[in-house]
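Asks: Take a look and give me a structure for this.
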Amino acid sequence: MSADKFDALGPLLSEVGLEAVAIAGGDATGLFLYVEAGEVWVGASLFKDEGEVVRYLSYKGSSLTDHIFAARESEPDVSKRWSVMEYEIENGKFEAKFKFADEIDVESDSDIEGKRRDDALRARYGDKPVVYPPPPFDAMELTSEG
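Replies: Predicted coordinates for the structure are as follows:
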């Protein structure tokens, strides 16, 4: 990545991290953000390593996806924008790793079950349990019969 691109992207990625830390209640240790993004959408999952378990953190009501969009769209060439970002915070520093459309096509390669995210979690945390919040009381479960 050229210095000019990092000069533009670095502060935007820092904003992503600041928002993630705010969502985590100010504790930056062990945060991991998995993001898939397409032309007009972002799917993000934020996790916190709590030792015995990894906990999913809801970012509803935050501006996390706005910051992610801004970081992704800082690349003016649409063909060079990342498709997947794995963003971690440890010891007060962030590291972001990217995959691009030539590596993974999130627009046409459906991942309804979240397998890519689960694979990233397994690669990072092994078999450590991941705790998700319970579904809302009015949620419906869709099943396939027959």
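
Asks: And for Glu107, nearest residue in space, chain neighbours not counted?
Replies: Gly38 (4.9 Å; Cβ to Cβ, 6 or more residues apart in numbering). For glycine as for every other residue, the C-beta is placed from the backbone atoms N, C-alpha and C.

Asks: For the one you found, give me its contacts.
Replies: When contacts are counted by Cβ atoms under 8 Å, 6 or more residues apart in numbering, Gly38 touches 83, 106-107.

Asks: Now with 10 Å, please.
Replies: Gly38 is in contact with 72, 81, 83, 101, 105-108, counting by Cβ atoms under 10 Å, 6 or more residues apart in numbering.

Asks: Equivalent analysis for Ala37, please.
Replies: Counted by Cβ under 10 Å, 6+ apart, Ala37 has contacts 43-44, 65, 68-69, 71-73, 81-85, 106-107.

Asks: Bridged to it, which residues?
Replies: Under DSSP bridges, the beta-bridge partners of Ala37 are Val42.

Asks: How far off centre is the helix or strand bottoming out on mean pLDDT in the chain?
Replies: Taking mean pLDDT, DSSP states H and E as the measure, the helix or strand of the chain with the lowest value is helix 3-23, at a mean of 86. Put simply, helix 3-23 sits 13 Å off its chain's centre (Cα atoms, centre = their mean, to the nearest Å).

Asks: Now do the buried residues in that helix.
Replies: By 16 or more other Cβ atoms under 10 Å, the buried positions in helix 3-23 come out as 9-10, 12-13, 15-17, 19-21, 23.

Asks: Checking the residue nearest to Glu88 when sequence neighbours are not counted next. Helix, strand or coil?
Replies: In space, not counting the residues next to it along the chain, Glu88 is nearest to Phe32; the distance is 5.0 Å by Cβ to Cβ, 6+ apart. Using DSSP: H, G, I helix; E, B strand; the rest coil, the three-state assignment for Phe32 comes out as strand.

Asks: Hmm, Leu121 and Phe32 touching each other?
Replies: Yes. Using Cβ atoms under 10 Å, Phe32 makes contact with Leu121 at a distance of 7.8 Å.
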